[in-house]
Each structure stands twice: as structure tokens, then as C-alpha cells.
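Student: Below is the sequence, then the predicted model.
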Amino acid sequence: MDTFEKVEKLREKANVTFEEAKAALEEANGDLLDAMILLEKQGKAETRTESFSTKNEATDLIVVDQPEKKEEKKRGNAFTDKVKALWHKSCENYFVIERNDENIVNIPIWVFILILIFTWHITLVLMVLALFFGCRYSFQGEDKMKLANDVCDKASEAAEKVKEEYNKL
């Protein structure tokens, strides 16, 4: 492909004048892709997304990177990474019910969440009743989950105080 054809192709793809295309091509030592990148950096190129070719010539198709698609991929990857991390945490950590220092129930957190989702009205009532019968709840596993365990301890302490007040009557 001679210089005139390259200038014409660049002018057509970048929507710039012949002078701008020629200058960019000279600065890029005749490389179409580098010239296109140079024009984009200068803010002169208007990129189009409808550039497809069935020819086998590598210079006929100028690939233009689209930042919107990169951003979507990053967001998509970030979302899937977060979902994977959440799944990993829910498999590696367990919801434990203890009574008299003996484990009664030890289930992965994802199972506990499913139980809560589908039978929340029964599960919550049973959990509150179990507190009054000396059961304690905790989360164990890879993560310490101190905040969640503190809440479970406070619930157990509150149930003990209510039992003591009731026994005083």
C-alpha cells in the first residue's frame, strides 16, 4: 500500500483532513495504527465502530480501543470477583448453634441464608425460643466475624437477663 492509499485510509477512518492524516502518518513512520493512536491522543480522530472487512490485508482494518467496553468488562469482572469472594466466604465459614458447650448445629453460612430466606418466619421464632433454652449462636471459620459474634453474644445475654427477671417473679 503506497503513502497516498494510507493517507486516504487514515483520513477516511479518523475523519480528518488530508494534511492532518499525512502529518500523523509521517510522525508514525508510515504505521497506520500508530498514526490513528496519535490522532486520537491529539483529539482529532472521530472513531467509528462500524469498521469491518473481509479482505485479508492487515492494513484495511484499524482496531480502535473503546473505553466504554473496557469499563463494562472491569465492572463485570469486579462484580463476578465479589460474587466469587462472597461464595468462598459463605462456604468457608459456618453458623454454629451450641448448648452446654456442645455443638448442636454446624452448617455453612450459605445453607443458613437459604433457610432464612425460605423459612424466615419459623426460623426466627425458633431461634429466639432456643435462646431461652440455653442455646448460643456464633459464626466460625476462616473469618473471625467479630461483629456478628458480638451481636450473637448480646442476644444470648439479653435472653439470660429476661430469664432471670422472669424467675425473680
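Tutor: Perfect, I can see it now. Residues are numbered from 1 along each chain as shown.

Student: now the helices: where do they sit in this protein?
Tutor: Listed in chain order, the helices of the chain (DSSP state H) span 3-14, 18-27, 32-41, 67-92, 109-132, 146-168.

Student: Could you list the single helix or strand in this protein with the lowest mean pLDDT?
Tutor: helix 67-92 (a mean of 77; mean pLDDT, DSSP states H and E).

Student: and residue 90, how far is that from residue 84?
Tutor: 11 Å (C-beta to C-beta, to the nearest Å). All C-beta atoms are positioned from the backbone trio N, CA, C, and that covers glycine.

Student: mind listing what residue 37 touches?
Tutor: When contacts are counted by C-beta atoms under 8 Å, 6 or more residues apart in numbering, residue 37 touches residue 28.

Student: Report pLDDT for it.
Tutor: On the pLDDT scale, residue 37 is placed at 88.

Student: circling back: any idea which of the helices of the chain is most buried?
Tutor: helix 32-41 (a mean of 20; mean count of other C-beta atoms under 10 Å).
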